[in-house]
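K.L.:
Sequence first, then the predicted structure, then my questions.
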Amino acid sequence: MTDYGKIIGVHNECYDTKTFEFQWDAKAQPGQFAMIWVPGMEEIPMSLSKTGRIKSITVKAIGESTKRLHELTINDTLRLRGPYGNGYDLKKGRRYLIVGGGVGVASIIPAVKETGADTIIGARTDKDIIMDDLATKYSSNLWISTNDGSRGFHGNAVQLMKEKCAENQYDCVIACGPEVMLYYLYKACEELDLDCQLSLERHMKCGAGVCGCCVIDDQRVCKDGPVFTREQISKMKDFGTCKRDECGRLVKFR
Ligand SMILES: Cc1cc2nc3c(=O)[nH]c(=O)nc-3n(C[C@H](O)[C@H](O)[C@H](O)COP(=O)(O)OP(=O)(O)OC[C@H]3O[C@@H](n4cnc5c(N)ncnc54)[C@H](O)[C@@H]3O)c2cc1C
Ligand code: FES
């Protein structure tokens, strides 16, 4: 069933990323996503960067559909299906370290809001950092890494995560971002024997567990995920190495 969400706010996060707030009464958990379209574009998956009665998506313009979304303004209407996916498993009393890389920050912000946990935002440069205002507001501590050192820690989010895990005690790392980042984060969690919940991306068509185009090994990312535990990820041979494109062809990350 398609729902409709009237846009009530548009915010520029950085030069290529915008947040669209809209009214949608559906119940949603941190880490869930929706399938979104407007006339003139394909339906695509987007994480919910707000999960209350007012919801939002945070869109990086990289291709035809995301550029079409960037044309939208207040009072335009989004077509929505969902929310889909399992979301993060957030328990009171657990000490989380939450890591967002690139536009993956959109997915973790509701988890930061719910837990108040220590948070790392990783970006290529100062100009690519998004949602640090909300992360500052909701987290106990916010640390930023940039690859070129233009702000915060000079290096990547995984190097910073290792540093913070040496200084503090955590029970679980939660993360969303580019798969290369997630791959090295997973390796670090293995070395530290630390639980993790990583939100993965695969090409999605139905978003609801039917078409099979998002499978990674025997898991449907849209329905069984997008958030997977360390144990589940340890069984995925495609994780961090390859994914399928829109035609089902295997594309290598590394
Ligand atoms: C669960 C999930 C949550 C996501 N959350 C966000 C988010 O919060 N913000 C954001 O900016 N992006 C998010 N994405 C990625 C977003 O869906 C793609 O950037 C978008 O579909 C690109 O479409 P395009 O036509 O603009 O670009 P295209 O030029 O068509 O594609 C560019 C790249 O985007 C990816 N992509 C394209 N179509 C799809 C699709 N149907 N499913 C998955 N990936 C696709 C492919 O890697 C492709 O190479 C998410 C993806 C998934 C799977
Ligand atoms: S997108 Fe169709 S099964 Fe996941």
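P.N.:
Ah, there it is. Ligands and ions are numbered 1, 2, ... in the order given.
K.L.:
all contacts plus neighbour counts: C-alpha atoms, from now on.
P.N.:
OK.
K.L.:
So what does the nearest residue to residue 128 once chain neighbours are set aside look like in phi/psi?
P.N.:
The spatially closest residue to residue 128, leaving aside those adjacent along the chain, is residue 14, at 6.3 Å (CA to CA, 6 or more residues apart in numbering). The phi/psi pair for residue 14 (degrees, to the nearest 10) reads phi -160, psi -170.
K.L.:
Would you mind confirming that residue 14 makes contact with residue 130?
P.N.:
Yes. At 6.3 Å, residue 14 and residue 130 qualify as touching, with contact defined as CA atoms under 8 Å.
K.L.:
Would you mind telling me which of those two has more residues around it?
P.N.:
Set residue 14 next to residue 130 and count neighbours by other CA atoms under 10 Å: residue 130 wins out with 27 against 15.
K.L.:
and the chain, what are its domains?
P.N.:
3-84, 96-252 (automatic domain parsing).
K.L.:
With distance to ligand 2 as added columns, please give the ones you listed in CSV.
P.N.:
Converted to CSV, these look like this (distance: least, CA to the nearest ligand atom, whole Å):
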stretch, distance to ligand 2
domain 3-84, 9
domain 96-252, 3
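K.L.:
where along the stretch 51-200 of the chain do the helices fall?
P.N.:
Ranges of helices within the stretch 51-200 of the chain are 64-70, 105-115, 132-138, 157-167, 179-192, based on DSSP state H, counting those that start in this stretch.
K.L.:
and the ones you listed, which is most packed in?
P.N.:
Highest mean neighbour count of these: helix 105-115, a mean of 24 (counted as mean count of other CA atoms under 10 Å).
K.L.:
Touching that one from outside, list them.
P.N.:
30-32, 47-51, 57-58, 88, 90, 92, 96, 98-100, 118-119, 121, 130-131, 134-135, 138-139, 174-177 (CA atoms under 8 Å, 6 or more residues apart in numbering).
K.L.:
One more pass at 7 Å, please.
P.N.:
Residues outside helix 105-115 that contact it (CA atoms under 7 Å, 6 or more residues apart in numbering) are 30-31, 47-51, 58, 100, 121, 135, 138-139, 175-176.
K.L.:
now swap in stretch 173-191 and tell me
P.N.:
Residues outside stretch 173-191 that contact it (CA under 7 Å, 6+ apart) are 96-105, 107-108, 158, 195-199, 240.
K.L.:
show me where pLDDT drops low in the stretch 151-254 of the chain?
P.N.:
Residue ranges of the stretch 151-254 of the chain with pLDDT under 70: 254.
K.L.:
Residues of it that sit close to ligand 1?
P.N.:
Residues of the stretch 151-254 of the chain that fall close to ligand 1, judged by CA under 6 Å from any ligand atom: 201-205, 226.
K.L.:
can I get the residues you listed in a markdown table with secondary structure and neighbour count?
P.N.:
Formatted as a markdown table, these follow (DSSP: H, G, I helix; E, B strand; the rest coil; neighbours: other CA atoms under 10 Å):
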| residue | secondary structure | neighbour count |
| --- | --- | --- |
| 201 | coil | 20 |
| 202 | coil | 19 |
| 203 | coil | 20 |
| 204 | coil | 23 |
| 205 | coil | 19 |
| 226 | coil | 26 |
